[in-house]
Every structure is written in structure tokens, then in C-alpha cells.
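A.B. asks: test case, fold it:
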Amino acid sequence: MKIEIPKWLRRQKQSSSFTAQDYLPLVRSPQENRDRQFYDQQTTLTQALQVWRSNPLARRIVGLTSQYVVGGGLRLQCEHARTQRFLESWWQHDLNQCALRVYEWCDELTRSGELFFLLSSDSAGMSYVRAVPAAQIARIDTAPNDLQQELAYHQIGAGALQEGQRWPAYDWLDDQPQSDGTYATVMLHFAINRPVGAVRGESDLAPIIRWLNRYSAWLEDRARLNRYRNAFYFVVRSRFVSESERAARQTTLNSNPPTPGSILVTDESEQWEVINPRLESSEAAADGLAIKKMIAAGAGVPLHFLAEPESATRTTAEAAGGPTFRHYEQRQQFFCEMMRQIATICLQRRARFDRRLNARVKIQVQGADLSARDNASLAIATRAASRTFLELFDRGLIGEQELLRMTYRFAGEVVDPQQLGGGIPSQGRRSVVEKQPRDGIKEDVIDPETGEEREKIL
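C.D. replies: Residues are numbered from 1 along each chain as shown. Down below sits the predicted model:
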């Protein structure tokens, strides 16, 4: 007798009197809440959206994250051919268009700090993904003693008189077709910048919103002061017999003011003076740079990313980009894992209707390379390391697994040598001879700092 695993697990869960809430320890006290209050959270989300719309620096920070995280796009891969075709059709579906929407999803993740996805499926098992703004989620229901077990999401109604919507959270044990053969619409939640003991994430712009506003106010004041700095008045001193004579002289000068560069000839009874504002602003540039440094530090980007070269040279600029690329790499890993989980759920739902699909196949989401310089440096390091370790292998000093591990380590890849070398037949050790480097990557041609060819000196 054959029993389907999902149905068996579902019956076991329903028949058991114990749940995950029973054996998990208490991770928070009822009085403790590490999330922002609802009003504070809504205010932060609104301010982040407004500053992104009006402040060029905020939009540049958000755009930089998407350009490095998503880059030229994401690609889903798996080893099963038919499953691969389904993933491509789901990814390119007219109602999904994931290839276009991943950019706005990454922008929203940076801007709001979290993403809420509504996942709905039709009668054929094709799933459709829609992102819900974080500001529309009023409350998240979780298990009493475990914040990681999210149960439901409460969405605010569109109007003042319209009731909100409660969306159940995705549960892989309860995700089964309903009586009519369709799946229920569920919601997925992904958050970044989330403290331990909190449910909601926080925007990357949250700590720098006030500094962005201060920089905008400072820049506006500087523009206004520079405008009035060139303003001036003429003061004409003379002896007038009566008020009517003074008014007549003022009317004459107002109707025909002296043009710049003209010659004005007066007698000793009339004196001309110029009054202009004396605005001392010797420290204005330092003040603006200090505010901009605060913004760059909060965003995790160097100053030259924000159109501020300062006094940095190419060497210091290359060194300052290292931590920033690490930050983008971590965000890319998070975003790829998020898309992998969504694709896995869509595949599992489709596999219920199409038995030719492999629901257990491993899906990989590949993103674009962050820097061409890293690829060039890794290529040079891999070539040099492979020569050294191959010679050690030929001399019998290391084994095959150690050779694979060290070679892939210098290539920047984390792999399991046992799985990687399991299907590779051993070729045995070669005789130790002096080997000349073959044609390929030449270290003296590629600059490891930039990833470009060195300039040839004739």
C-alpha cells in the first residue's frame, strides 16, 4: 500500500496532541516588545518613502543596492530538465514577470526593510506572486512563545470604512489543495535589519533619514545664501531742499538705474555707496562634508559612491570599496535565498498537478557578479594555486580531496570535496617534471586591482 508523504505528515500533525509550540522554550516575556510601536513604524515607512522620492542621495543609495544585488538579473537553475522549463515559464509568466519585478522588490526591501508576498495559485497549479507594501500590514500574529512561527498577517483596509484582510502564513505541512482542488492564498514574509526578539524589519534608510533631511536643508540654505550674497543696494547721499526733490531724484534713479560697467559722474554734493550682505561661510564646506560622511557611514558606502571624491586617490577608493561589496554580497545572498524559497513553494504546488516535475530537486538562484576585479583576482589566484597544489599532489604530499578543497578555496567557492570528487575517476599521479605555463591568463597582462588589461608601454 502506497501512502503519499504530504498526506501522511498532515494526518500525523492533526492526530498528534503536541505541536512546535509545546517543546520550544519561551524566548520572550509577555511585557517585552522589541518592535517599533505601530505609529512609529508607520511614520518611519512614510518618511523613508518620502525621502526616497525627494532626496537624490536616498534614491542613489537604494539604487546602488539594487544595481549590485540584482545587477544584470537573477537566474533559476536545477538539474531536472522538465522542472527547469517550468521554473522558466513561471519566472517569465505574464502575470509574474519576475525578471522585471525583482528590481522593484529589491528597492522595496531596502526602502522598507521587509517584503510581504501574496502567493495565489490557479486550478492548474500555476502560482502568482504579488508584493504588498509593508505599511499596509498592521499586525503579525505569531506563536505565543516563538516569534519565528508567524501564523497570520493583518492587512489594513483600503478605505476608512472598509475592513482589513487577514492572510494566513504559509505552512508547508498544511499547504494542501482545498475541496475545490485549488490552493488557498497565503502570505510570505522576509525581513532584514531585524533585531533578535523582533518580528518586523527596518529600512536601510531609517538611521539616516534625519541626516538626509539635514543635508537637504543645509544645501537649500547654502543655495539661498549664495543667491542673496550677490544682492546689493545703492545708497545715494545728497542735500535736498525738500522731500519732493528727494522723491523726484529717487524716481529718476529707479527708472534709469546704472548698468554694470557704466560710468557715473556726480558732483561733490552727491555720494554713492553700495550695501551688500557680508556672509562669512569659511566652514560651510566642512559642515556639509561632515553631514555627508554621516550619511555615507549609515548607508555603508564610501563617499565616492555619493559623488564626493574628497581627497581620495584610486588606491584609497579601492580599499574603501571592500566593506561595501561585502555588504552587497550578504544582501545578494539573502535576496537569492528569498527567491529560492518562493520558487520552491511554486514548484511544490505545481508538482501536485504535474507528476512529471521533481518537487524535491534542488533549486539554485544565481545572481550577477559584484565586481569584475574580484573575478580577475580569483582567476589569477586559482591559476597560481592550481600549479602549486598539482605539484604537491604529484609528489604525493596531498590527496585528491585536499587538492580539490584548496583549489576551489582559492577560486572563492565553498564546496564539499567528498561530493565534488565522488564521480571523478582518479587519473593517478604524474611524473614530476618542470612544467611550462600554458597559454591562458597571464598575470603580467591582467591588473588584479581593476580586472582590466595593463597598459602596454612601447
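A.B. asks: spatially central residue in this structure, please.
C.D. replies: Central residue of the chain (C-alpha atoms, centre = their mean): residue 65, 3.8 Å from the mean position.
A.B. asks: A helix includes that residue, no?
C.D. replies: Yes - assigned with DSSP: H, G, I helix; E, B strand; the rest coil, residue 65 falls within a helix.
A.B. asks: kindly provide the distance from it to residue 300.
C.D. replies: From residue 65 across to residue 300, the span is 9 Å (C-beta to C-beta, to the nearest Å). Quick note: C-beta positions are derived from backbone N, CA and C, even for glycine.
A.B. asks: how about residue 401?
C.D. replies: From residue 401 across to residue 300, the span is 38 Å (C-beta to C-beta).
A.B. asks: quick check: residue 271 touching residue 237?
C.D. replies: Yes - contact criterion C-beta atoms under 8 Å: residue 271 and residue 237 qualify, at 4.3 Å.
A.B. asks: what number of residues lie near residue 241?
C.D. replies: Neighbourhood size, residue 241 [other C-beta atoms under 10 Å]: 7.
A.B. asks: longest helix in this structure, please.
C.D. replies: helix 314-351 (DSSP state H).
A.B. asks: how far does that helix sit from its chain's centre?
C.D. replies: When distances are taken as C-alpha atoms, centre = their mean, to the nearest Å, helix 314-351 is centred 8 Å away from the chain's centroid.
A.B. asks: who does it touch, helix- and strand-wise?
C.D. replies: Secondary-structure packing of helix 314-351 (3 or more C-beta pairs under 8 Å, 6 or more residues apart in numbering; DSSP states H and E): helix 56-69, strand 75-77, helix 81-91, helix 98-112, strand 114-121, strand 127-132, strand 186-191, strand 364-366.
A.B. asks: returning to that earlier point: residue 401 and residue 300: who's more crowded?
C.D. replies: Between residue 401 and residue 300, counted using other C-beta under 10 Å, residue 300 has the larger neighbour count: 17 against 14.
A.B. asks: with adjacent residues omitted, what lies nearest to the more buried one?
C.D. replies: residue 327 (4.9 Å; C-beta to C-beta, 6 or more residues apart in numbering).
A.B. asks: repeat for residue 258
C.D. replies: That would be residue 264: by C-beta to C-beta, 6+ apart, it lies 5.4 Å from residue 258.
A.B. asks: cool, residue 284 as well?
C.D. replies: Counting by C-beta to C-beta, 6+ apart, residue 222 is the residue found nearest to residue 284 once chain neighbours are left out, at 6.2 Å.
A.B. asks: is the one you found in a helix, a strand, or coil?
C.D. replies: helix.
A.B. asks: now do it, the pLDDT please.
C.D. replies: Looking at residue 222, its pLDDT stands at 80.
A.B. asks: residue 245 too?
C.D. replies: The model's pLDDT for residue 245 equals 85.
A.B. asks: just give me the neighbour total for it.
C.D. replies: Residue 245, neighbours per other C-beta under 10 Å, totals 12.
A.B. asks: cool, residue 192 as well?
C.D. replies: Neighbour tally, residue 192, other C-beta under 10 Å: 19.
A.B. asks: roughly how far apart are residue 47 and residue 403?
C.D. replies: Counting by C-beta to C-beta, the gap from residue 47 to residue 403 is 55 Å.
A.B. asks: with residue 39 instead?
C.D. replies: The gap separating residue 39 from residue 403 is 60 Å, by C-beta to C-beta.
A.B. asks: those two: which has the busier surroundings?
C.D. replies: More crowded of residue 39 and residue 403, by other C-beta under 10 Å: residue 403, with 18 against 8.
A.B. asks: grab the nearest non-local neighbour of the more buried one.
C.D. replies: residue 393 (4.8 Å).
A.B. asks: so residue 41 touches residue 48, yeah?
C.D. replies: No - between residue 41 and residue 48 there is no contact under C-beta under 8 Å: 10.7 Å.
A.B. asks: which one's more surrounded, these two?
C.D. replies: Just comparing residue 41 and residue 48: by other C-beta under 10 Å the higher neighbour count belongs to residue 48, 26 against 19.
A.B. asks: could you count how many residues lie near residue 113?
C.D. replies: 23.
A.B. asks: my guess is it meets residue 198, correct?
C.D. replies: No - with contacts counted by C-beta under 8 Å, residue 113 stays clear of residue 198, the gap being 10.7 Å.
A.B. asks: for residue 231, which three-state class applies?
C.D. replies: On the basis of three-state DSSP, residue 231 is classed as coil.
A.B. asks: residue 34 falls within a strand, correct?
C.D. replies: No - judged by three-state DSSP, residue 34 forms no part of a strand; its state is coil.
A.B. asks: and the pLDDT for it?
C.D. replies: Predicted confidence (pLDDT) for residue 34: 84.
A.B. asks: repeat that for the one 3 residues further on.
C.D. replies: Residue 37 is assigned 89 on the pLDDT scale.
A.B. asks: same thing with the one 5 residues further on?
C.D. replies: Model confidence at residue 42, given as pLDDT, is 93.
A.B. asks: and for the helix or strand that contains it, what's in contact with it?
C.D. replies: Using DSSP states H and E, residue 42 sits in helix 38-54. Residues outside helix 38-54 that contact it (C-beta atoms under 8 Å, 6 or more residues apart in numbering) are 35-36, 58-59, 62, 111-112, 134-135, 138-139, 200, 202-203, 205-206, 209, 212-213, 216.
A.B. asks: residues touching residue 65, list them.
C.D. replies: By C-beta under 8 Å, 6+ apart, the neighbours of residue 65 are 106, 107, 110, 204, 328, 331.
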